[in-house]
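**Q** Take this sequence and fold it.
(2 chains)
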2 protein chains.
Amino acid sequence: MKPDFGLAFNEWTSLLGPARARRDEETIDRYARSTLPEGTTPKGVLYPSSTGEVQAIVTIARQAGISLYPISRGKNWGYGDACAVTHGQVILDLSGMNRILEVNRELAYAVIEPGVTQQQLYDYLQEQDIPLWFDCTGSGPEASIVGNTLERGFGHTPYGDHFLYSCGMEVVLGDGRLLKTGYGHYQEAKAAHVFKWALGPYLDGLFTQSNLGIVTKLGIWLIPKPECFTMFFLSMPDEDDLSRMVDALRPLKLRGQVKSLVHIGNDLRIISSFQRYPWQEAQGKTPLPDALRRGLRQKGGFGAWNISGAVYGSRQEIRVLRGEIRRALGGLGRVRFVGPRAQRLAKWLWEFLRRRGWKPELQTTLGTLVKVGGLLQGQPTDAFLYGTLWRMRAAEDPGSLDPLDNNVGLMWISPIMPMTGAAAQDLVQRITPIFTRFGFEPLITVSLITERAMVAVTTIAYDRSSPEETDRARQCYETLFLEIMRAGYAPYRASIASMAHLAEGSEVFWDVVHELKQTLDPGMVLARGRYDPVGVRKSSQ
Amino acid sequence: MKPDFGLAFNEWTSLLGPARARRDEETIDRYARSTLPEGTTPKGVLYPSSTGEVQAIVTIARQAGISLYPISRGKNWGYGDACAVTHGQVILDLSGMNRILEVNRELAYAVIEPGVTQQQLYDYLQEQDIPLWFDCTGSGPEASIVGNTLERGFGHTPYGDHFLYSCGMEVVLGDGRLLKTGYGHYQEAKAAHVFKWALGPYLDGLFTQSNLGIVTKLGIWLIPKPECFTMFFLSMPDEDDLSRMVDALRPLKLRGQVKSLVHIGNDLRIISSFQRYPWQEAQGKTPLPDALRRGLRQKGGFGAWNISGAVYGSRQEIRVLRGEIRRALGGLGRVRFVGPRAQRLAKWLWEFLRRRGWKPELQTTLGTLVKVGGLLQGQPTDAFLYGTLWRMRAAEDPGSLDPLDNNVGLMWISPIMPMTGAAAQDLVQRITPIFTRFGFEPLITVSLITERAMVAVTTIAYDRSSPEETDRARQCYETLFLEIMRAGYAPYRASIASMAHLAEGSEVFWDVVHELKQTLDPGMVLARGRYDPVGVRKSSQ
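**A** Residues are numbered from 1 along each chain as shown, chains lettered A, B, ... in the order given. Take a look at the predicted model:
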């Protein structure tokens, strides 16, 4: 069957009205933007406002043989933004489905649609005076909670592993059927959003990092606001110190004493979070000369590696946990704690200085502290988007921090490691020379995201206005990707630029994934190529 | 194609030798035993000793059109034992695949085969002096860890949710292919058993409570032995107190302060754990007369409902957590704590009394305390199998506690509830009259198994030597099952007696499960009917 786009588009327009079925140039161009060297161009964009409309859209797409590419809010920066994996798909933008359907105070969960943003849920909990937090990522107030969960993103609080703390999905399948997972498919189900595994095979995992269905509703667990919250920080001077840091932190994570994500940022990653590349001092050269790097590190008072994390609980619990942290990390250096009083003071001082425009450097430090603290308490912030501007050559700060508005070049690559110092060191030694070879700085954070695993989030920040630099960025990415796969540190998440290569060095797994695709979406309607390398290979043959 | 069992059996015999391919009457009879009113009779039993053999067996079965029914150790008592869902399948007994393939001390995990028993892993950790615990269930030393995990069973420690704390599977599919989940399918993967979700759709859930594959290898996470461990107990006198107990416990679970399973047993459940039904005092009548029940409760010093749980951590952490527990539960009654010193004392005293045969009642109390304490520290025990003898009429205690050796009648039904007092009360009020109507006692535990959900494990204990009582037990089970499903409290796990009814009151979900079955096992080779109600309906048409 030859796809008939014109016919399908007419039907979608009848269904949604012309304002919600778009194929004008401006819309197409907006959705074709990307932080990657190459985005993809869609054929059109649809804006459903209900599950019923999604089902109807899917049915039309199936009959016409057109591929739909669902996005929640399209903030998948550095991994493909709002772009489909291949050209010519129709974007299904779910941002209009943004209802908070339920918040259960007693059992601490919410049920939300894919368009709900981090800021929206935060505001709702504040306005309704509900003493529950949700975990949010550093990817900005306008990012979708459902979208991030389905990509298995993570945030900074004890509920940082978003997919783990989700429960109960509603999914539109490729033939338009509506599947409810967990206990949700039973009439009268009373435990639909409280018990993850339910009865029979656990299917929710199929709809994360996949193209097997469109999640239109999701239960997420919320954190009872703790009585007390204290941050901790520790820096070490040498690049080789990372290994000792990880080994010292591991018991705290394994024993469940530190439940927050523990973040270890290198100097460059921290410097880039509040200043731009020093083009002038570097005389336009890249990567950043060593002497300059050391100077910036010293000026800011950072280490080569810098730990931040938090503990939560009653006053007494916090006191004990501070002792445990000191006991575990004391051998590495001075652990600095920032408790509730110091947090309030920092916030007050920051605002005071800002109003007067005094002490810009102290302002920066205090601001970072306040924002990191906010994130560790589930408060959305766009502070960490600032880092995406690092390699921009224009002098001024732009009005918006949306990387797409600034034509920012940004690629993230996020290998997973077992939580050992040896693995961290091995990885850093493998990737650092690759960054340098292609003229980029290794912006690296190593985050302890579970009790046993950590992820290195590495950033290729490049100037997208320079075709030469863009090309180098692409090569750098490809080389890095090959290296981590070969060394056994596959990433926790893939970019649209790497979807085709996920099956390299693998056996059976991706064949099975493609067989599942053929079963659940025989018309290949949904998100062609997304986490389906076998499908990509087949369709390009 | 007509199944050709004789041909297949010859091929299996060539593959395994006659000792590991059995169809003699004695073997068949042993595997046909059940604690349910009706077991099923297999056609034969195969004993592979390697993954390669499992693959070869599956290939032969597929060619011959025979259904294989994998079991790990066959200790699925009260849910179907070692029996297939239907007659005439060939049991694939994996007990010979019992290697502990790896124990990683640093990252606290083990990789094991399905035949590994709780006792075996426990002994291994002891012998090697490895300071790690694993979570074990009360179902006895000889139960399989993998089998329980795939049924999504739970134990008593902070790692009680077995499937949650597993990571990385090796699975033989219905066509003989070997699928490795997690990162395991990548050559050189370094995080195969430390990061659960890996990359791409998360498939592991498909192989729990299903018939979609044979798991031949599993990673399980182990608990770093805590510095200190303290149990807590609280009893309340009235049946209506359950609701207040649950509401008072919920914040402790939600805030993560109590990480153990919290167990709330009713008087009957506790009495049955160390004595048999008082046939004489009851003059042979059932269910247990109220006056007798109250008498036994008073004599033992129990409440109508009895809480037990534990906290883990450093000495300082324990001290603080005791305070939190007292603060949360103090309004309900006296919380009794049993710390390390009291545990040692109890153990010493128990052994002292046993050697002399003194104070049998105190012995029982101390013994229970010691064994509950053991379980909360990951020590396997057969103490809780004693409860299965409750309704046996023979006076003596049997030599073995294996319910199958004693022809014990036992059915478990385990509805899940949201963790609210109202739900607990609602459920108990619905099921109690059903037990009574059919002449059984409501043996009930309510266990807080996650932060938001609890399970009521209810037992129908019956005398299998009485056909009349057996028939009543069956009716009682069917009525209970119908009631919990109708009321929205579907169970967390199903018995072979209820597999055909799982799709009642449900939409789409079980159709999708059956479509997945047709994809992953088109020959319908594996475990016909297991968690596949649509398949059952089709094959009986």
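
**Q** hang on, isn't A:E11 packed against A:I60?
**A** Yes. If you go by CB atoms under 8 Å, A:E11 and A:I60 touch, sitting 4.7 Å apart. Using the backbone N, CA and C atoms, a C-beta is placed for each residue, glycine as well.

**Q** For the two, work out which one has more neighbours and name it.
**A** Ranked by neighbour count (other CB atoms under 10 Å in any protein chain shown), A:E11 and A:I60 place A:I60 first, with 22 against 18.

**Q** what's the model's confidence in the one helix or strand the more buried one maps to, averaged?
**A** According to DSSP states H and E, A:I60 maps onto helix A:51-64. Per-residue pLDDT over helix A:51-64 has a mean of 97.

**Q** Below-threshold pLDDT in chain A: ranges please.
**A** A:1, A:395, A:541 (pLDDT under 70).

**Q** What residues of the helix holding A:I60 count as buried?
**A** Going by neighbour count (16 or more other CB atoms under 10 Å in any protein chain shown), the buried part of helix A:51-64 is A:T51, A:E53, A:V54, A:Q55, A:A56, A:I57, A:V58, A:T59, A:I60, A:A61, A:R62, A:A64.

**Q** and which of those is nearest A:Q187?
**A** A:T51 (17.7 Å; CB to CB).

**Q** contacting residues around that closest one?
**A** A:M97, A:E170, A:V172, A:L178, A:T216, A:K217 (CB atoms under 8 Å, 6 or more residues apart in numbering or on different chains).

**Q** which of the residues you listed are close to chain B?
**A** By CB under 8 Å from any CB of the partner chain, the members of the contacts of A:T51 lying near chain B are A:L178.

**Q** most neighbours, which of the contacts of A:T51?
**A** A:V172 (26 neighbours).

**Q** ok, back up a step: distance to A:S273 added to the buried residues of helix A:51-64, as JSON lines?
**A** Below are these laid out as JSON lines (distance: CB to CB, whole Å):
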{"residue": "A:T51", "distance to A:S273": "39"}
{"residue": "A:E53", "distance to A:S273": "40"}
{"residue": "A:V54", "distance to A:S273": "38"}
{"residue": "A:Q55", "distance to A:S273": "43"}
{"residue": "A:A56", "distance to A:S273": "44"}
{"residue": "A:I57", "distance to A:S273": "40"}
{"residue": "A:V58", "distance to A:S273": "41"}
{"residue": "A:T59", "distance to A:S273": "46"}
{"residue": "A:I60", "distance to A:S273": "45"}
{"residue": "A:A61", "distance to A:S273": "42"}
{"residue": "A:R62", "distance to A:S273": "45"}
{"residue": "A:A64", "distance to A:S273": "46"}
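
**Q** Pull the CA coordinates from stretch A:305-318 and hand them back as CSV.
**A** The C-alpha coordinates for stretch A:305-318 follow below in CSV (Å, rounded to 0.1, in the frame of the first residue of the first chain):
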residue,chain,number,x,y,z
TRP,A,305,35.7,16.7,40.8
ASN,A,306,32.9,18.1,42.9
ILE,A,307,30.4,16.0,44.9
SER,A,308,26.9,17.2,45.7
GLY,A,309,24.0,15.3,47.3
ALA,A,310,21.4,15.5,50.0
VAL,A,311,19.8,13.7,52.9
TYR,A,312,16.2,13.8,53.9
GLY,A,313,14.2,12.9,57.0
SER,A,314,13.5,14.1,60.5
ARG,A,315,15.9,16.3,62.3
GLN,A,316,17.2,13.4,64.2
GLU,A,317,17.6,11.3,61.1
ILE,A,318,19.5,14.1,59.4
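
**Q** Show me what counts as buried in that stretch.
**A** A:305-314, A:316-318.

**Q** can you give me the offset of that stretch from its chain's centre?
**A** Between the centre of stretch A:305-318 and the centre of its host chain there is 23 Å, according to CA atoms, centre = their mean, to the nearest Å.

**Q** Could you do stretch A:25-40 as well?
**A** The answer for stretch A:25-40 is 20 Å, by CA atoms, centre = their mean.

**Q** which residues are contacting that stretch?
**A** A:22, A:41-45, A:74, A:77-78, A:80-89, A:91, A:388, A:403-404, A:407-411, A:464, A:470-471, A:473-474, A:495-497.

**Q** May I have it as PDB, with CA atoms only?
**A** Taking Å, rounded to 0.1, in the frame of the first residue of the first chain, the C-alpha atoms of stretch A:25-40 are listed here in PDB:
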ATOM      1  CA  GLU A  25       6.000  26.000   6.500                       C
ATOM      2  CA  GLU A  26       6.400  27.900   9.700                       C
ATOM      3  CA  THR A  27       5.200  25.000  11.800                       C
ATOM      4  CA  ILE A  28       7.200  22.400   9.800                       C
ATOM      5  CA  ASP A  29      10.400  24.600  10.200                       C
ATOM      6  CA  ARG A  30       9.800  25.000  13.900                       C
ATOM      7  CA  TYR A  31       9.600  21.200  14.500                       C
ATOM      8  CA  ALA A  32      12.600  20.600  12.200                       C
ATOM      9  CA  ARG A  33      14.900  22.500  14.500                       C
ATOM     10  CA  SER A  34      17.500  20.400  16.400                       C
ATOM     11  CA  THR A  35      20.400  20.700  18.800                       C
ATOM     12  CA  LEU A  36      22.000  17.900  16.900                       C
ATOM     13  CA  PRO A  37      24.000  18.400  13.700                       C
ATOM     14  CA  GLU A  38      21.000  17.300  11.700                       C
ATOM     15  CA  GLY A  39      17.300  17.300  12.600                       C
ATOM     16  CA  THR A  40      14.600  15.700  10.600                       C
END
